[in-house]
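Visitor: model this:
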Amino acid sequence: MKHDTFKVAFPPKTEARKRKIEALQASWVLAKHNRPFTDAEVFKEVMVTVLEELATDKSMDGVIASVKQVSLSARSAIRRIEALSDAVQGVIIKGLSQANYFSLAIDESTDSTDVVQGTSSTQHRLFRQLVAESEEATHDDLLLHNDVRWLSKGKAVDRFCALLDEVKAFLRLSKIRAAADHLALLGDEKFMSNVAFLADIFGHLNQLNLQLQGRGKTIDMVEKLESFTRKEMFESDISIGRLLHFSTLKSQALGQVTELMVDFIKQLRANFTSRFEDYSIPKYIIAFVRDPLTVRPNEAALEMELIDFQTSSLVSDALRSAESTHERNRLTHKNLENCLRIKVTSISPDIQKIATDGRCQFSH
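Guide: Below is the predicted model:
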């Protein structure tokens, strides 16, 4: 018995459909190479320039004209990337729905020294039980700093200091050979003073880190970095043993200041100064960036130019208009997800089918 073979029939490659296919191919290549949407127009300009250089006669005029007609605007690139990503996702979902079995690859949980933590689940459970039964414990568990999921070292050390009594009690009850060595180390006043100091200084660095995060903080970032770099109070606070800014060291380690702490603060300040010296910006420039219409001309180097700038009605109207437009932020969460899917996939989508789909109207 002869079986009929069914094939998907695509319409002839009209000029419009050819343009769609070319645009989709270009977007696919750019997305695979992590290029921004706006590079598509540059991509087209490069192609035209190269073709014009290679053409010694009129034989390439048709090809050059065809390339110029390909729509590669950043706005249409968003829809092309979305269509390509949806096609890839469709292939993945279809493949999963037809699979009889699934294979799961589960990674080990390791600490910052790459030591596997999975075999210590029993000890961890026993420690959590001890902490739960403690009336003095302020937390229910320690925090683990590892390389897989980033967690603030400062918070991890701070939590360790907060549960220090419970850790010592657990080690006294433990039958593990290394428990006695760990307990002895925790009884070393100099060692624990340094641990308490790290909890405090990491806390200050964490706070600075949070202040630098978020959008539109360019000038704020410069000011925060300069402020932190100029805080001699840390150095003097440690040197004279006042410890107003080192509460953990003062309360848990009885304020024992070591030479290592003093050197650390000095090196930290020197490191910040050298790393961020290029961020030193005159105050009048910072004021101008914050609000160019209110900075006084005599505070700026270009007084004449600033006066002209401030008295321009066009500038004033532009600065007081809406902060953003629809052109500014195309890399939304959804767009980023689509780009990432295209970047990591080994699937090649059926671009001819996508071009035939009625949703792919990339004429502008």
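Visitor: What separation do you get for the closest residue to residue 247 other than its chain neighbours and residue 57?
Guide: Spatial nearest neighbour of residue 247, chain neighbours left out: residue 200 (6.6 Å); criterion: C-beta to C-beta, 6 or more residues apart in numbering. All C-beta spots, glycine's among them, are computed from the backbone N, C-alpha and C. Distance of residue 200 to residue 57, computed by C-beta to C-beta, to the nearest Å: 76 Å.
Visitor: Looking at these two, which one has more neighbours?
Guide: Just comparing residue 200 and residue 57: by other C-beta atoms under 10 Å the higher neighbour count belongs to residue 200, 24 against 6.
Visitor: Surely that one touches residue 251?
Guide: No. Applying C-beta atoms under 8 Å as the test, residue 200 and residue 251 come out as separate, 10.2 Å apart.
Visitor: where do the helices sit along the stretch 201-350 of the chain?
Guide: 218-229, 233-239, 247-252, 259-275, 283-290, 303-310, 313-319, 333-344 (DSSP state H, counting those that start in this stretch).
Visitor: Got the domain ranges for this protein?
Guide: For the chain, automatic domain parsing gives the domain ranges 15-97+333-356, 134-279, 283-319.
Visitor: residues contacting residue 123?
Guide: 174, 176 (C-beta atoms under 8 Å, 6 or more residues apart in numbering).
Visitor: Which secondary structure element is home to it?
Guide: Secondary structure assigned from DSSP states H and E places residue 123 in helix 121-133.
Visitor: Now that helix: buried residues?
Guide: Applying a neighbour-count criterion of 16 or more other C-beta atoms under 10 Å, one finds 127, 130-131 buried in helix 121-133.
Visitor: could I get these as TSV with distance to residue 173 and pLDDT?
Guide: Below are the buried residues of helix 121-133 laid out as TSV (distance: C-beta to C-beta, whole Å; pLDDT from 0 to 100):
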residue	distance to residue 173	pLDDT
127	10	89
130	8	91
131	13	90
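Visitor: By mean pLDDT, show me the worst of the domains of the chain.
Guide: Note on those: domain 283-319 shows the lowest mean pLDDT, a mean of 57.
Visitor: quick one: which of the buried residues of helix 121-133 is nearest residue 49?
Guide: residue 127 (66.6 Å; C-beta to C-beta).
Visitor: I figured the closest one was touching residue 168, is that so?
Guide: No. Using C-beta under 8 Å, residue 127 makes no contact with residue 168, being 11.6 Å away.
Visitor: hang on, the earlier thing: mind giving me JSON lines with the domains of the chain and columns for distance to residue 103?
Guide: Shown next, in JSON lines, are these (distance: least, C-beta to C-beta, whole Å):
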{"stretch": "domain 15-97+333-356", "distance to residue 103": "12"}
{"stretch": "domain 134-279", "distance to residue 103": "21"}
{"stretch": "domain 283-319", "distance to residue 103": "54"}
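Visitor: right, so of those, which gets closest to residue 104?
Guide: Nearest of the domains of the chain (C-beta to C-beta): domain 15-97+333-356, 13.0 Å.
Visitor: Start and end of that closest one, how far apart?
Guide: The straight-line separation of the ends of domain 15-97+333-356 (C-alpha to C-alpha, to the nearest Å) is 12 Å.
Visitor: Next, work out how far apart the residue lying closest to residue 233 once chain neighbours are set aside and residue 184 are.
Guide: The shortest distance from residue 233 to any non-neighbouring residue, by C-beta to C-beta, 6+ apart, is to residue 245 (6.6 Å). With the distance defined as C-beta to C-beta, residue 245 ends up 30 Å from residue 184.
Visitor: Looking at these two, which has the bigger crowd around it?
Guide: residue 245 (16 against 11).
Visitor: Make sure that one is actually in contact with residue 234.
Guide: Yes. Shown here, residue 245 and residue 234 form a contact pair, counting by C-beta under 8 Å, at 6.2 Å.
Visitor: Spit out the residues that contact these two alike.
Guide: Shared contacts of residue 245 and residue 234, defined by C-beta under 8 Å, 6+ apart, comprise residue 204.
Visitor: so the host helix or strand of residue 94 versus helix 333-344, what angle?
Guide: Assigned by DSSP H and E, residue 94 falls within helix 74-97. Relative orientation of helix 74-97 versus helix 333-344 (axes from the mean of the first three to the mean of the last three C-alpha atoms, to 10 degrees): 60 degrees.
Visitor: burial of residue 207, as a residue count?
Guide: Using other C-beta under 10 Å, residue 207 has 12 other residues around it.
Visitor: what does residue 256 give?
Guide: Neighbours of residue 256 under the rule other C-beta under 10 Å: 16.
Visitor: and it, backbone torsions?
Guide: Main-chain dihedrals, residue 256, degrees, to the nearest 10: phi -80, psi 110.
Visitor: Tell me how far it lies from residue 203.
Guide: Counting by C-beta to C-beta - residue 256 and residue 203 are separated by 19 Å.
Visitor: Next: residue 353.
Guide: For residue 353, the distance to residue 203 - C-beta to C-beta - is 56 Å.
Visitor: Perfect, that will be all.
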